[in-house]
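A.B. asks: Sequence below, structure please.
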Amino acid sequence: MIPSTLPRRIAAFLLQSAISIAPRDTLDWGHAMLAELHHVQGNWAALLWSLGSAGVLAKHALLSMIFPSRNRPTIPAGGDLFSKEGPLRKPAIAITAACVIASLLFFVAPVFRQAFGVSLLQWQVVFKTDYFRLSPELQSIMKKAEQGHDAEALAFVALRHPQSSEGARLADEAVRLDPNLIWVYAIVAVRGFSLPEIDRWVPALERFDPQNALPHLLTAEKIDINQVLRDNVPHRTEDKPPAWQSAMAAAFESAKLDTYSSQRKALDRRVLIRYHIGDPELIADDAWVYGLPSYGVSDAYRYAELVLRSAQVHEAQGDTKAASEKYLAIARFGKLLSPYVNAWFCKRTQQAYTRLAALAAKSRRPEEAAFYAFLADQERQTEAAESSSRYRRFSRNQVARWDADLARRSGAVMLLSSTLLFATLFAVFLRSKSLRLSSLRPGRIAIALGVSSSAAFFVSSVVLRLSYQPYAEILHHFIRDGDETGLTNLSDFLGHAYAPIGSGWLTPRQDYSSYFWFAVIVLCALGLLVAVLRYFQARPRANATT
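C.D. replies: Residues are numbered from 1 along each chain as shown. Alright, predicted model coming up:
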């Protein structure tokens, strides 16, 4: 329970602190406000009174730094700035303590702890050595799920387990507990393409979802992997084994291509709510993955080449109906692919539409020919747009890229400034040979380092909180309402947050421009710090009494 007199004590402390930094021409007014505080009725009313008065004094102190008065004593020059303590020590220590306390209060909020964790993702790439180790949070979920026989939680961990064999074991256990989760096999198989369980899973997936092309793509990929392991990769598509061609033919004849992303998001949301999870990595951990097997797009591209050749043979033989069916099969499969994946396949669909337009023109169907020509032109434009950018999806999201850049640099500044602050405090305690605060006598350099590092820690904390706020809202809306509209932005944000600073991993030009503005901000902060130090040294000490 809060003591009834605490607000009034806080009010007096605020006014005394404000008077200690106030200019000389406002000291009388400040002391009058401090005396008037005793006559304000109500403790909370007194706190509000002191907040307003302290705000006015702080404003005058800031204005006096920017526009110094003519009757102010001359500012010492040269080495005196860092050679004497003078009236600078107490205000500087107060500023340092206030910045540190305010920065630490940020960590009370779970959202800020999430933001700080995101800012440290870049260091995982640099310092993480064991990529096959399950995170502590997932370990806790797995343990609880196994004890409670929670099939959905087991599937949640299986979809994210860094060890494909362990993920397969958890997937089997989840399906045993709940056969409706058999679609989990497809996602685990995409992540672990060399799993021996795939031979058992694919027939089960075909029975579960017979119109889906994904199980056939998994079969084709497994054949590709076996050829690579045996060092027997054919150079021509025609030399692919019949089993591969049969699997790809079945994929092209399928009515849909479902990667089960909607089922996965629904399961994720239920598990997140059930176990009170708020880690954005566990929600948008597939920023670079489109849900298809790693060989899926290349297999489709190569098989489409075979279909085109077969269609051209039929066309040369005068069997336009069979040729049109094969061309349409290529175009239909291209439409099954997601927009981002289809950009890699659009050359084949463009060729198919071009040939369909030519066949329609020969058959004197001008409207149909114009329609297919229009579709071919659209595919050509898509291919040109894709070739202009290597990472099309990420390069177009400028907002997520800059927010991630701010988060990365804010986290780095927080680490650097906290290290500098601890080193400075250690040096002061070591020099004073005492842990009593009253016996500490920091020098000018120690004060400057303490104020600058604590201020940098506070400012970077504010920037990190603001840059992460939109993505915290996306996460919150997804967990609470199932709103998926912002998950793509969250994935893009995390994808850029993984890039180490200065690595040029994603966009080297961005690194150079951000370095420039970061240097400008640092220089401005140093200039402000020097102005504050010189101001506090120049003004006389104000003794505030209650």
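
A.B. asks: Low-confidence ranges, the stretch 251-400 of the chain, go.
C.D. replies: The stretch 251-400 of the chain contains residues with pLDDT under 70 at 284-290, 339-342, 383-397.

A.B. asks: can you list the residues that contact stretch 154-174?
C.D. replies: Stretch 154-174 is contacted from outside by 131-134, 138, 141-142, 145-146, 151-152, 177, 181, 184-185, 187-188, 191-192, 194-195, 197, 264, 267-268, 271, 282, 285, using Cβ atoms under 8 Å, 6 or more residues apart in numbering. Backbone N, C-alpha and C define where each C-beta goes, glycine included.

A.B. asks: Can you say which of those are buried?
C.D. replies: In those, burial by neighbour count holds for 134, 138, 141-142, 145, 151-152, 181, 184-185, 187-188, 191-192, 195, 197, 264, 267-268, 271, 282, counting by 16 or more other Cβ atoms under 10 Å.

A.B. asks: Report the separation between Ala189 and Ile182.
C.D. replies: Distance check for Ala189 against Ile182: by Cβ to Cβ, to the nearest Å, it reads 12 Å.

A.B. asks: and what of Ser20?
C.D. replies: 70 Å.

A.B. asks: Neighbour count for the two, which is higher?
C.D. replies: Neighbour count, other Cβ atoms under 10 Å: between Ser20 and Ile182, Ser20 has more, with 20 against 17.

A.B. asks: wait, that one sits on Ala94?
C.D. replies: Yes - at 7.5 Å, Ser20 and Ala94 qualify as touching, with contact defined as Cβ atoms under 8 Å.

A.B. asks: and Thr320, what is it in contact with?
C.D. replies: Counting by Cβ under 8 Å, 6+ apart, Thr320 touches 314, 359, 362-363.

A.B. asks: Looking at those, spot the one nearest Tyr471.
C.D. replies: Leu359 (49.8 Å; Cβ to Cβ).

A.B. asks: Skip the chain neighbours and tell me the closest residue to the closest one.
C.D. replies: Among residues not flanking Leu359 along the chain, Thr320 sits closest, at 5.5 Å (Cβ to Cβ, 6 or more residues apart in numbering).

A.B. asks: swap in Tyr498?
C.D. replies: The spatial neighbour of Tyr498 that comes closest, neighbours along the chain excluded (Cβ to Cβ, 6+ apart), is Leu121 at 5.1 Å.

A.B. asks: Count the residues that sit near the one you found.
C.D. replies: 21.

A.B. asks: same check, this time on Arg230
C.D. replies: Neighbour tally, Arg230, other Cβ under 10 Å: 8.

A.B. asks: got the contact list for the strand or helix carrying Leu47?
C.D. replies: Assigned by DSSP states H and E, Leu47 falls within helix 43-66. With Cβ under 8 Å, 6+ apart as the test, helix 43-66 has contacts from 4-8, 10-12, 14-15, 17-19, 21-23, 26, 30, 33, 36-37, 40, 531-532, 535.

A.B. asks: same thing but 6 Å
C.D. replies: For helix 43-66, the external contacting residues (Cβ atoms under 6 Å, 6 or more residues apart in numbering) are 7-8, 11, 14-15, 18, 21-23, 26, 30, 33, 37, 40, 531, 535.

A.B. asks: what does stretch 468-478 give?
C.D. replies: Stretch 468-478 has contacts (Cβ under 6 Å, 6+ apart) with 111, 115, 280, 407, 483, 486, 490, 493.

A.B. asks: Show me the shaky parts of the stretch 101-250 of the chain.
C.D. replies: 125-131.

A.B. asks: try it again with 80
C.D. replies: Within the stretch 101-250 of the chain, the segments meeting pLDDT under 80 span 124-133, 193, 229-236.

A.B. asks: Restrict stretch 242-260 to CA atoms and write it as CSV.
C.D. replies: C-alpha atoms of stretch 242-260 as CSV (Å, rounded to 0.1, in the frame of the first residue of the first chain):
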residue,chain,number,x,y,z
PRO,A,242,10.1,-42.1,-64.5
ALA,A,243,9.1,-41.9,-60.8
TRP,A,244,10.1,-38.2,-60.8
GLN,A,245,8.2,-37.5,-64.0
SER,A,246,5.1,-39.3,-62.6
ALA,A,247,5.2,-37.3,-59.4
MET,A,248,5.6,-34.0,-61.3
ALA,A,249,2.8,-34.9,-63.7
ALA,A,250,0.5,-35.6,-60.7
ALA,A,251,1.5,-32.2,-59.2
PHE,A,252,0.6,-30.4,-62.5
GLU,A,253,-2.8,-32.2,-62.7
SER,A,254,-3.7,-31.3,-59.1
ALA,A,255,-6.5,-28.9,-58.4
LYS,A,256,-4.6,-26.9,-55.7
LEU,A,257,-1.3,-26.2,-54.0
ASP,A,258,-1.9,-25.8,-50.3
THR,A,259,1.1,-25.3,-48.1
TYR,A,260,-1.1,-25.3,-45.0
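
A.B. asks: What distance do you get for the residue nearest to Leu359 to Ile330?
C.D. replies: 16 Å.

A.B. asks: likewise Gly278?
C.D. replies: Shown here: Gly278 relative to Ile330, a distance of 44 Å by Cβ to Cβ.

A.B. asks: Between these two, point out the one with more neighbours.
C.D. replies: Shown here are Gly278 and Ile330; by other Cβ under 10 Å, Ile330 has more neighbours (25 against 16).

A.B. asks: Now that one. Nearest residue, chain neighbours left out?
C.D. replies: Sequence neighbours aside, Ala352 is the residue nearest to Ile330 in space, at 4.1 Å (criterion: Cβ to Cβ, 6+ apart).

A.B. asks: Going by secondary structure, the one you found is in what exactly?
C.D. replies: Taking DSSP H and E as the criterion, Ala352 maps to helix 339-362.
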